[in-house]
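Chemist: Quick one, fold the following:
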Amino acid sequence: MRKSTRERSEMPAMNKIDASERARITTLGIDVGDRTSRYAGVDAQGELISEGSVATRESALHALLSQLATGTRVVIEVGIHSPWISRSLHQKGFKVTVANTRSLKLISGSTRKSDRRDARVLATIGQSAPQLLDPVEHQSEQVQQDRAVLRARDCMVRARARLITQTRGIVKSIGGRIKRCSADAFAGRATEQIPENLHPALDPVLIEIDRLTVQIHAYDQVVEKLAATYPGCGAVSAIKGVGPVTALAFVLAIGDPHRFPSSRRTGPYFGLTPRRHDSGDSAPQLRITKAGDPFVRRLLVGGAHYILGPFGPDCDLRRYGLILAARGGKNAKKRAVVAVARKLAVLMHKLWVSGIAYDPLFNATRIQAAA
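Modeler: Purely as a prediction, here's the structure:
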């Protein structure tokens with residue numbers, strides 16, 4: 001975030017804490033920026049003791065915190081830098097709390113937002129009521145590296161999709177049309193269907209699409225090998241519509257499956273439950289919260305689309321979704337897809353923690369037996 005001239009002028013030139021203030025600081029709040037971070041230290045009563053700025057580098061942060069007592073609570077915002085910062089400070093013996101500022105309206109909903117004020121808020125609440133920060137628990141560096149493989153593959157898949165869409169649009173604009181085919185086969189088939197006068201413009205695009213396809217296949221092999229190293233992937237992959245990518249992303253996002261007291265908690269964890277704003281007799285239907293990992297949520301929705309699609313196998317999830325979609329009404333199909341995605345997440349977690357073999361018609365068989 002670019003800082004205002006006034007705020008830059010208020011920043012101290014050095015990140016040293018006065019010797020008389022060090023022993024009094026019990027909690028340090030850090031508003032992490034891309035290059036420079038703002039910090040504020042408070043005592044046991046929540047009184048501001050010291051504040052300033054520090055470079056967002058491991059050596060600079062260690063130099064700042066080395067002036068404080070080991071065991072001091074450090075509160076930072078969740079963000080792109082929070083994983084490595086939290087791991088680094090944990091190793092140094094500090095109590096690190098990663099705040100989910102989306103749940104903290106004093107920061108996310110403030111009309112007077114600034115890095116200086118955010119650091120003070122983090123320190124004050126971290127000292128008095130850290131549970132209000134809705135703390136986030138980051139996973140290990142190895143898990144982060146494995147998730148990077150999925151993210152990189154996803155970037156290539158989306159880039160290829162955009163190139164394919166653009167190519168189809170250009171051909172349509174002059175009256176042509178490329179027949180439907182899979183993304184893997186698009187480069188080869190489109191070459192024969194593109195009008196002659198468009199080859200100079202689109203041939204380089206088709207070459208790039210073909211290169212991306214080769215890279216995506218290479219990533220798929222890496223993902224399959226990674227999925228084999230995580231026990232939970234085998235259990236959840238038994239569901240038709242859950243491939244290695246979805247299985248690995250789901251398992252890595254959750255980490256410890258026993259962190260949830262019930263499998264039903266996975267739906268809200270991935271933001272697949274509706275918002276609520278009930279008041280009196282009013283209970284409006286709202287959109288889903290979209291909390292949690294958007295990448296995994298998108299994969300779960302993609303799996304729900306397959307289950308409800310023409311090639312989806314007969315199973316409890318498909319029957320449940322088709323009943324919801326058949327009720328009609330506005331956005332009935334979309335709501336059915338989201339509902340199936342939510343139940344899919346619950347089912348995947350249940351199979352993972354229980355070790356039970358997947359039975360696609362478990363509920364239908366049980367109901368029939370009871371009847």
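
Chemist: Gly93 - nearest residue in space that isn't next to it in sequence?
Modeler: Spatial nearest neighbour of Gly93, chain neighbours left out: Thr70 (4.2 Å); criterion: Cβ to Cβ, 6 or more residues apart in numbering. Using the backbone N, CA and C atoms, a C-beta is placed for each residue, glycine as well.

Chemist: Quick check: that neighbour vs Ser110, distance?
Modeler: 32 Å (Cβ to Cβ, to the nearest Å).

Chemist: Specify which residue of the two has the higher count of neighbours.
Modeler: For Thr70 versus Ser110, neighbours defined as other Cβ atoms under 10 Å are more numerous around Ser110 (13 against 10).

Chemist: domain parsing for the chain?
Modeler: The chain breaks down into these domains under automatic domain parsing: 5-133, 141-229, 232-371.

Chemist: looking at it, Ile76 is touching Leu122, isn't it?
Modeler: Yes - assessed by Cβ atoms under 8 Å, Ile76 is found in contact with Leu122 at 7.3 Å.

Chemist: Give the residues shared as contacts by these two.
Modeler: Both Ile76 and Leu122 are in contact with 29-30, 99, where contact means Cβ atoms under 8 Å, 6 or more residues apart in numbering.

Chemist: Just the ones in helices from those residues, please.
Modeler: Taking DSSP state H as the definition of helices, the shared contacts of Ile76 and Leu122 contribute nothing to them.

Chemist: Where neighbours are concerned, which of those residues has the most?
Modeler: By neighbour count, taken as other Cβ under 10 Å, the most surrounded of the shared contacts of Ile76 and Leu122 turns out to be Ile30 (29 neighbours).

Chemist: Find me the pLDDT at that one, would you?
Modeler: For Ile30, the pLDDT comes out at 96.

Chemist: got a list of what it touches?
Modeler: If a contact means Cβ under 8 Å, 6+ apart, then Ile30 has 37-39, 54, 61, 74-77, 85, 119, 122 as its contacts.

Chemist: among those, who's most crowded?
Modeler: Leu122 (32 neighbours).

Chemist: buried sites along the top helix by length along the chain?
Modeler: Ranked by number of residues, the top helix in the chain under DSSP H is helix 141-173. Within helix 141-173, the residues that qualify as buried are 143, 146-147, 149-150, 153-154, 156-157, 160, 163-164, 167-168, 170-171, counting by 16 or more other Cβ atoms under 10 Å.

Chemist: Same question for stretch 298-310.
Modeler: By neighbour count with 16+ other Cβ under 10 Å, stretch 298-310 contains the buried residues 299-308.

Chemist: And for stretch 178-191?
Modeler: Using 16+ other Cβ under 10 Å, the residues of stretch 178-191 that count as buried are 178, 186-187, 190.

Chemist: just those residues now: which is nearest Gly46?
Modeler: Closest approach to Gly46 among these (Cβ to Cβ): Phe186, at 60.2 Å.

Chemist: Does the closest one touch Ile164 like I think?
Modeler: Yes - with contact taken as Cβ under 8 Å, Phe186 and Ile164 are classed as touching, separated by 5.4 Å.

Chemist: Which one of the buried residues of stretch 178-191 is nearest to Trp352?
Modeler: Nearest to Trp352 out of these is Phe186 (Cβ to Cβ; 35.2 Å).

Chemist: And the most centrally placed residue in the chain, how far from Asp154?
Modeler: Central residue of the chain (Cα atoms, centre = their mean): Asp293, 2.2 Å from the mean position. For Asp293, the distance to Asp154 under the criterion Cβ to Cβ works out to 12 Å.

Chemist: All set now, cheers.
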